[in-house]
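J.: What follows is a predicted protein model with its sequence.
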Amino acid sequence: MIEVLKGYNGTVFAYGQTGSGKTYTMMGSNIDDEANKGVIPRISEQIFDSIVEAPSNLEFTVKVSYIEIYMEKIRDLLNPTNDNLPVHEDKQRGVYVKGLLEVYVASVGEVFEVMRRGQSARIVAYTAMNAESSRSHSIFVITINQKDLTNGSNRSGRLYLVDLAGSEKVGKTGASGQTLEEAKMINKSLTALGMVINALTDGKSKHVPYRDSKLTRILQESLGGNSRTTLIINSSPSSFNEAETLSTLRFGMRAKSIKNKAKINAELSANELKALLKKSELQIVSFKDYIVALEGEVSLWRAGSAVPPERFVTFDKFSKGELQPLPAPNGAEAAAMSAATEIVRPGSTVSLASAATNGSSASVKVDLRTSSPPLDNDEKEEFLKRENELMDDLTKKESELEKERSFTKTLTDELELLKKREGEIFDENKELTATLHDLKMQLEKITFASAETEINMEALKEKNLELSAEIDALRAQLDEMEKSKKYSDEEDKEKRRAEKMAQMMAELDPTSAISEKEKAVRQSLQNLLQELPTAQLDAALESQDLDVVTRELANAKKQLEALTAQLKNMTLDNEMLTKKRAELESRLTTLELEYEDLLDKTIQEEEQRLHGDGTEHLVDLKERLEQQYSSKRDAYVAEIEQLKTGLLKKNEELAELAASKEALEAANEALTSSLNAAKREASAALGKLAALDKPESEKDKDLERIKKTMSAQLQEFDAMKKALMKDLQNRCEKVVELELSLDEIREQYNNMLRNNNIKATQKKMAFLERNLEQLTSVQKQLVEQNTTLKREIAMAERKLVTRNERIQTLEDMLEETQSKLAAQKLNFEAQLKELQRKIREQPQQPVHQAFTWGRIAKPLRGGGAGNISVVDDAIGGGIDFDDDIRPRRSDSNAAKRSSWLGFMAGKR
Ligand SMILES: Nc1ncnc2c1ncn2[C@@H]1O[C@H](COP(=O)(O)OP(=O)(O)OP(=O)(O)O)[C@@H](O)[C@H]1O
């Protein structure tokens, strides 16, 4: 049977640097693996094995608890919400952790389950030397109570299985932050452990500093107290850890020399107590005798008598009954001696003056400051009670402090979060402000560009207006010029017409010659009538005069012929003009064709040049050119029509002229015939005059008749002449007009040629048109740009407004969130205060939800030797027992074994 089952306290420590295998040793890498399970599972198995092997009169209850000491706080690993448990001490239980959950277990499986749960709650962390370094000291406590059912005696043993945190050097493990804090705490508690061991082993220290750390306080009994302690030293095999290994070994060496005082924790039965009482009473009697003997010797000494050494009273002689009675002392001396005793207070010195019989005195001084008197039991109890109370208070305060700390941490975290959020919002705001600024800048730029564009537009408009005004002025000038030209042309025309008419009339005036001849004829006729009434008539009618008239007539005929020739020439001219017109028309057609070709060419060039610039410009250009072309063509057609009508008119006039010429010729012929008739009559008269000598009266009559005939003929001739002259004048006017119109046509033709043929003009026109196009497109572009800019500005403004609204909303939300958070914080604080108040008001009750199944004691009966007659119900303590699964080690005692034990045994 292992010692703990006998009622001894036991402790198994594993000490060593981090990563040296302490946890591996104590718990193992896998508690379910037979080969890799550690000391704790193995001991647990041994315990239950021993219980199975124990006599059946022994009833066992096994409790386990599992704690860890982390950052100088005791955490219950089976109920992790209890994370700061106080250490108490009292006379009955010794040192214990208050409020610790102890789970009753009845099998190894249950122990393992407890281990697993506890392990999962342990705090481990990664260090450079161990991926799962224990950051705390873990203590697995197995408490075994055994009751001897035959005499009712009780024994209890408690086994501490300790896996210490690694003794480590901070530099090597690379600890930082929280791990560094943990390391400091671990080192502190391990230092306290070292100090306790030093104090226990150096032999000089009177005070052992168990209370310096929770670890040493809990393990107080294990270190130099009532415990059988085993220390396992774990060391690293690596030379890298040489220093740590040495230090660990030194620690082990020192610890080895600690002497513990292990005793069985037993509660005696009534009979045993009675026997003990009896024995004690007997002892008291004998001690009384002994005291009497001693007092006798003392009184002898006090009385100044000397007692020989062989008669000294010793316990040895007394117990052997070899004491001899001493002589009676002197009473006066004894009284004097007792009066010499002086009572002194702590801090002063005590003088013990002995009134020795030889008169000499000895003085012994004891300083009570350095050596306090040992506490008596009551005082100690009082002290422990007070200490426990203080520990409770301290734990409570620590818990509150921890809560406050965590609350503060939560608040700090929240504050951090809020600050972060605020920072984010600030950044966002900054970003938005920057964007806003950018947008404003862009807006300003756009506004500026727009203003500039507007200015440009205005400048262009002004330029346009100027150009329009210039064009108008030019047009007006042109109109004026045209007008003046027209006027001057008209004036010139009139002048030219007058000149031509004058010239023509001068050239073509047959009347002047006729008139002169007529005058001459009239004169000669007059002379004939006045100076030579009869005789002179013969003279007047001489052949010479007739010849003159004939010549004159021939001249007139010649002139008429010349006129006819001129008319012929004019007809020829007219024909030529007609030809020229036809030529002009054909030329015009050619020109039109050329112009069309040129237009097509220009369009093609423009198309090529503006390829990709959009067909709209091209279509516009084409349309405009077509319009220009059609307008020009219309103008030309109208002009041609005009020319045609002019030509027709001229033809008509020419026809009229030809008709009048014919009329003139007819008149001329008539005149010639009448002249011939006159000639004939004159010659006949002359013949008559010459052949016959007629009487005077007849002659007068004939003369009178001739005269009359001649005057009538002359009158006829006058009228005819007048008509002819008028007709001729008209015709001349028409000819002049025709010539003038021909000149005009020529000029127009030349103009047309100038307009149409000059390539430079065409180029210029094309250039101007292109310029106009470009200007129009630029204007269009500017207008479009302006529109786009305006649209963009409007959009940017809208965006700006939206963003402003968003910023406003975000700010509102932020404010709202902040106010909500503040309200929540207040609410939370109030709730916390309320909770704290309630906690303070309510007595603290341990929470045992984690192990409901371990709260009821599960007594286990030893399955080894002897029969017992105790009824199951008496030991069951209200636990469910299952008769069917009770262990059946031997048929005789099978019914008396605990179901739990049987269950466990059955499992094995
Ligand atoms: N004897 C061994 N055989 C096999 N593996 C071992 C042995 N000793 C330790 N290990 C392994 O070494 C590693 C560290 O061991 P362990 O966690 O037990 O060290 P530790 O001393 O408890 O460290 P810490 O103090 O940091 O908790 C573990 O992975 C463990 O499995």
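T.: Perfect, thanks for sending it.
J.: Which helix or strand contains R705?
T.: helix 696-757 (DSSP states H and E).
J.: now swap in E815 and tell me
T.: helix 759-841.
J.: Tell me the helices and strands packed up against the very next helix or strand once past that helix.
T.: Reading on from helix 759-841 to the C-terminus, the next helix or strand found by DSSP H and E is strand 860-861. When contacts are defined as 3 or more C-beta pairs under 8 Å, 6 or more residues apart in numbering; DSSP states H and E, strand 860-861 packs onto strand 58-70, helix 899-907. Heads up, the C-betas are built off the backbone N, CA and C, glycines and all.
J.: and the ones you listed, which one's lowest on average pLDDT?
T.: Note on the helices and strands packed on strand 860-861: lowest mean pLDDT is at helix 899-907, with a mean of 35.
J.: can you give me the strands in this structure?
T.: Secondary structure of the chain (DSSP state E): strands located at 10-16, 58-70, 73-76, 87-90, 94-97, 103-105, 124-125, 133-134, 137-148, 154-163, 228-234, 266-267, 860-861.
J.: Tell me which of the ones you listed is the most buried.
T.: strand 860-861 (a mean of 30; mean count of other C-beta atoms under 10 Å).
J.: and L439, what does it touch?
T.: 796, 799-800, 803 (C-beta atoms under 8 Å, 6 or more residues apart in numbering).
J.: hmm, 6 Å instead?
T.: Neighbouring residues of L439 by C-beta atoms under 6 Å, 6 or more residues apart in numbering: 796, 800.
J.: now it: how far from the ligand?
T.: 60 Å (C-beta to the nearest ligand atom, to the nearest Å).
J.: do L401 as well
T.: 28 Å.
J.: Could you report the separation of that residue from N84?
T.: Distance of L401 to N84, computed by C-beta to C-beta, to the nearest Å: 9 Å.
J.: swap in R770?
T.: 97 Å.
J.: D743 now?
T.: 133 Å.
J.: Show me which of these two is the more surrounded one.
T.: More crowded of D743 and N84, by other C-beta atoms under 10 Å: N84, with 22 against 14.
J.: Contact partners for that one?
T.: Per C-beta under 6 Å, 6+ apart, neighbours of N84: 73, 395, 398-399.
J.: Find the residue ranges of the stretch 501-650 of the chain scoring beneath the pLDDT cut-off.
T.: Scanning the stretch 501-650 of the chain for pLDDT under 70 picks out 504-550, 552-553, 556-557, 599, 602-603, 606-619, 621-622, 625, 629.
J.: Pipe the contacts of N84 into TSV and attach distance to the ligand and pLDDT per row.
T.: Compiled in TSV, these are given as follows (distance: C-beta to the nearest ligand atom, whole Å; pLDDT from 0 to 100):
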residue	distance to the ligand	pLDDT
K73	18	86
T395	26	84
E398	25	83
S399	27	82
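J.: Filter those down to the buried ones and express that as a ChimeraX selection.
T.: Only the buried entries of these go into this ChimeraX selection, using 16 or more other C-beta atoms under 10 Å:
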select :73,395,398,399
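J.: got the residue ranges for the helices in the stretch 101-250 of the chain?
T.: 108-120, 170-173, 178-201, 214-218, 242-256 (DSSP state H, counting those that start in this stretch).
J.: circling back: could you give the separation of the helix holding R705 from the chain centroid?
T.: 109 Å (C-alpha atoms, centre = their mean, to the nearest Å).
J.: just checking, what packs against it?
T.: Counting contacts by 3 or more C-beta pairs under 6 Å, 6 or more residues apart in numbering; DSSP states H and E, helix 696-757 is packed against helix 377-508, helix 543-609, helix 615-691.
J.: Switch the ones you listed over to a markdown table, and while doing so, append distance to I233 to every line.
T.: Shown next, in a markdown table, are the helices and strands packed on helix 696-757 (distance: least, C-beta to C-beta, whole Å):
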| stretch | distance to I233 |
| --- | --- |
| helix 377-508 | 32 |
| helix 543-609 | 101 |
| helix 615-691 | 100 |
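J.: average pLDDT for the helix holding R705?
T.: pLDDT averaged over helix 696-757 gives 73.
J.: likewise stretch 17-35?
T.: Stretch 17-35 comes out at a mean pLDDT of 89.
J.: What is the end-to-end distance of it?
T.: With C-alpha to C-alpha, to the nearest Å applied, stretch 17-35 spans 24 Å between its terminal residues.
J.: Which pLDDT value belongs to the residue lying closest to A723 once chain neighbours are set aside?
T.: Among residues not flanking A723 along the chain, A667 sits closest, at 7.5 Å (C-beta to C-beta, 6 or more residues apart in numbering). pLDDT for A667: 71.
J.: What number of residues are in the vicinity of I47?
T.: Neighbours around I47, by other C-beta under 10 Å: 24.
J.: Next one, pLDDT for F48 please.
T.: Value listed for F48 in the pLDDT field: 92.
J.: out of everything not next to it in sequence, what's closest to it?
T.: Closest to F48 by C-beta to C-beta, 6+ apart is V108, at 5.2 Å.
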